[in-house]
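Engineer: Take this sequence and fold it.
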Amino acid sequence: MKSIFSMMVCLFLAFSSFAQKKKGKKPAPKPPVVESKTAILPKFTLYSIPDSTVFTEKDLKNDMKTIFIYYGPDCGHCMVFAKKLMDSISLFENTQIVMMSSFEFSKIKRFYDDYKMSQCSFLTMGYDPKYFFVSHFDIRMFPSAYVYSSKGKFLKSFSSEIPIKELIDAK
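Structural biologist: A predicted model of the protein is given here:
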């Protein structure tokens, strides 16, 4: 009798641990928290596509807004975003764009060529072999974008579905 009672208690506890929350409205997503490390423009080293030259924060223009975009060259969302970005690239003429990835250099180069990014003088594509941006921005989704003012102060971040209009207007 004790073993049957013990078994029933164990089953009850096991099933109750799988209980789900009541269905209803989903809570509103929390806005991203700007950590102190993202509040100012980071010091970084990238290797530019197509020639692997070193590109650092010292190569950025001081008088322009900067958008850092981290992406995966095999990511479907990133491919859609890249097409939208390049279709509206003329709207970003007063902005410097730094796209980077930690994937294989050859994949990044193919992405760069496929989306004709060499045609844009204010877009730099870089290879991040040390995963600096992944850890600095705590990247969890592709693509992710981080907008900084011309003074180097963090303005806004985006991830996954990045609306071009909001990226342009970020203040």
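
Engineer: surely N62 meets Y148?
Structural biologist: No - N62 lies out of contact with Y148 (Cβ atoms under 8 Å); the separation is 11.2 Å. For every residue, glycine as well, the C-beta is placed using N, CA and C.

Engineer: ok, these two, which is more surrounded?
Structural biologist: Applying other Cβ atoms under 10 Å to N62 and Y148 shows that Y148 carries more neighbours, namely 24 against 8.

Engineer: Enumerate every residue touching the spatially closest residue to that one that is not a sequence neighbour.
Structural biologist: Nearest residue to Y148 in three dimensions, chain neighbours excluded: T66, at 4.6 Å (Cβ to Cβ, 6 or more residues apart in numbering). Shown in contact with T66 (Cβ atoms under 8 Å, 6 or more residues apart in numbering): L41, L60, T95, Q96, I97, V98, V147, Y148, S150, G152.

Engineer: if we go to 10 Å?
Structural biologist: 41, 57, 60, 95-98, 122, 124, 146-150, 152, 155 (Cβ atoms under 10 Å, 6 or more residues apart in numbering).

Engineer: Which residues does it form beta bridges with?
Structural biologist: Beta-bridge pairing for T66 (DSSP bridges): Q96, Y148.

Engineer: which stretches of this structure form strands?
Structural biologist: Secondary structure of the chain (DSSP state E): strands located at 45-48, 54-56, 65-70, 95-101, 123-127, 144-148, 154-159.

Engineer: And the last one, what does it pack against?
Structural biologist: Pointing back at strand 154-159 there. Under the contact criterion of 3 or more Cβ pairs under 10 Å, 6 or more residues apart in numbering; DSSP states H and E, strand 154-159 touches strand 65-70, strand 144-148, helix 164-169.

Engineer: so which of these comes closest to D51?
Structural biologist: D51 sits nearest to strand 65-70 of all the helices and strands packed on strand 154-159, at 20.1 Å, using Cβ to Cβ.

Engineer: Noted, bye for now.
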